[in-house]
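Chemist: predicted model and sequence follow; I will ask about them next.
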Amino acid sequence: MSAIRAVLGLAMLTLAACTAMPAKTEPPSVTVSDLRMGTAGVFEQQFFVKLRIQNPNDSDLQIKGSSFELELNDQPFAKGVSAQSVTVPRFGSEFVEIEAVSSLGSILRQAGTMTSDAGLEKFRYRIKGKLATRNAGSLPFDERGDLSFGGAPAPSK
């Protein structure tokens, strides 16, 4: 009789553990909201990239850090990392501003792009990286969009 109780108890504990496990977390959408110049030296330039993080999940997303690579017009441009913490509410969004750095080569490549047909009106961007979270592990992201002068960025997939 005690063996049956032990088996039933173990089964109940296993069932309780399974129901307590969090549902699969969908990756957030991360788009560039703004890009502004910081300091500029000959070999390295500093930018501040404002990101909008949208949480499609039914629970808050507790971000404890991030890293990303930013491409402009299909060319590597800048890299950034941050230990900034932010909580993105369920089905909501938050902004974070992260320092990014680029090299002289990145700036020269973009200068070459500016002399092409597109000019200074619009930049295509791609941002890829990962968000480190307290409650969902590491979440990768990879988004594309357009940065238009005179208008808000328009994400495109």
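Modeler: Sure thing, it's come through.
Chemist: what ranges do the strands span in the protein?
Modeler: For the chain, the strands defined by DSSP state E cover 29-40, 44-54, 61-72, 75-82, 86-88, 93-103, 122-133, 138-148, 154-156.
Chemist: out of those strands, which comes closest to residue 109?
Modeler: strand 75-82 (4.7 Å; Cβ to Cβ). For the C-beta atoms, the positions are set from N, CA and C on the backbone; glycine is no exception.
Chemist: contacts for the closest one next, please.
Modeler: Residues from elsewhere that reach strand 75-82 (Cβ atoms under 8 Å, 6 or more residues apart in numbering): 45, 47, 49, 65-71, 96, 98-102, 106, 109-110, 113.
Chemist: what's the pLDDT at the closest residue to residue 106 other than its chain neighbours?
Modeler: Of all residues not flanking residue 106 in the chain, residue 77 sits nearest, at 5.0 Å (Cβ to Cβ, 6 or more residues apart in numbering). At residue 77, the pLDDT value in this model is 92.
Chemist: and what of residue 9?
Modeler: 56.
Chemist: now do stretch 42-58, average pLDDT.
Modeler: Here the average pLDDT along stretch 42-58 is 95.
Chemist: among the contacts of strand 75-82, name the buried ones.
Modeler: By neighbour count, with 16 or more other Cβ atoms under 10 Å, these hold 45, 47, 49, 65-66, 68, 70-71, 96, 98, 100, 102, 106, 109, 113 as buried.
Chemist: how about those residues, which pair is most distant?
Modeler: 65 and 113 (31.0 Å).
Chemist: how much space between the most centrally placed residue in the chain and residue 107?
Modeler: Of all residues in the chain, the one closest to the mean position by Cα atoms, centre = their mean is residue 30, 4.3 Å from it. Between residue 30 and residue 107 the distance is 24 Å, computed by Cβ to Cβ, to the nearest Å.
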